[in-house]
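>>> No letters, just coordinates:
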């Protein structure tokens, strides 16, 4: 599954999962952390910062007939990496407070649109996004690609981290966007 989000620092998530259709035509989607990516982008006045997080776990159940979806995707907040050690220390200590809030989660509860049993579909996924100790209701656009033995999902969305209670990393000289893109 590929989930791309906008953290206002955008986040991009690509998640790959195994797919098992049950007797009731409910799909169980088990994420493969080693084949999944969660990327983010955060713009400032000088350049754009790109980074990634590691997926810890994920399991989703989806019933296409009713568009009901449940489960959870868990990202390791402490794994955030932008390839700049000093920036990453600040991100973990002051912004994400990842020692205190070690996980970022998404719990989907509804799909808007039709998911094809094979091929590519574009839908909206509604659910609760938890970051920095608080839950936020979101709906994100998703591109779902289903095959007989696997699936992928690409999602791009914005996380208004300052509005959601996280510290603004801007300084007197360096101005950073107030949301990230995933």
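Nice, I can see it. A quick note: this is a predicted structure, and the numbers were derived from the prediction, not measured. Numbers count the residues shown, from 1 in each chain.
>>> quick one: the helices in this protein?
Along the chain, the stretches classed as helices by DSSP state H are 85-90.
>>> top strand in it by residue count?
Counting by DSSP state E, the longest strand found in the chain is strand 48-63.
>>> Show me which positions of that one end up buried.
Neighbour counts over strand 48-63 (16 or more other C-beta atoms under 10 Å) mark 49, 51, 52, 53, 54, 55, 56, 58, 60, 62 as buried. Using the backbone N, CA and C atoms, a C-beta is placed for each residue, glycine as well.
>>> Looking at the residues you listed, spot the one nearest residue 131.
Proximity of the buried residues of strand 48-63 to residue 131, judged by C-beta to C-beta, is greatest for residue 53, which lies at 10.9 Å.
>>> Residues in a beta bridge with that closest one, which ones?
Counting by DSSP bridges, residue 53 is bridged to residue 38.
>>> what about residue 46, how many residues close to it?
Per other C-beta atoms under 10 Å, the neighbour tally for residue 46 reads 10.
>>> same thing with residue 124?
For residue 124, the neighbour count with other C-beta under 10 Å is 12.
>>> Least confident secondary structure element in this structure?
strand 2-8 (a mean of 36; mean pLDDT, DSSP states H and E).
>>> just checking, residue 39 touches residue 52?
Yes. Residue 39 is in contact with residue 52 according to C-beta atoms under 8 Å; the separation is 5.0 Å.
>>> coming back round to it: how far away from the center of its chain is the longest strand of the chain?
Its chain's C-alpha centre and that of strand 48-63 lie 5 Å apart, by C-alpha atoms, centre = their mean, to the nearest Å.
>>> what's the answer for stretch 27-34, then?
That offset, for stretch 27-34, works out to 14 Å (C-alpha atoms, centre = their mean).
>>> And for stretch 112-127?
Using C-alpha atoms, centre = their mean, the offset of stretch 112-127 from its chain centre is 16 Å.
>>> Go through it and flag the buried ones.
Neighbour-count burial for stretch 112-127 flags 115, 121, 123, 125, 127 (criterion: 16+ other C-beta under 10 Å).
>>> one step back: tell me what the longest strand of the chain is packed against?
Counting contacts by 3 or more C-beta pairs under 8 Å, 6 or more residues apart in numbering; DSSP states H and E, strand 48-63 is packed against strand 10-21, strand 27-31, strand 37-43, strand 68-81, strand 103-112.
>>> All set now, cheers.
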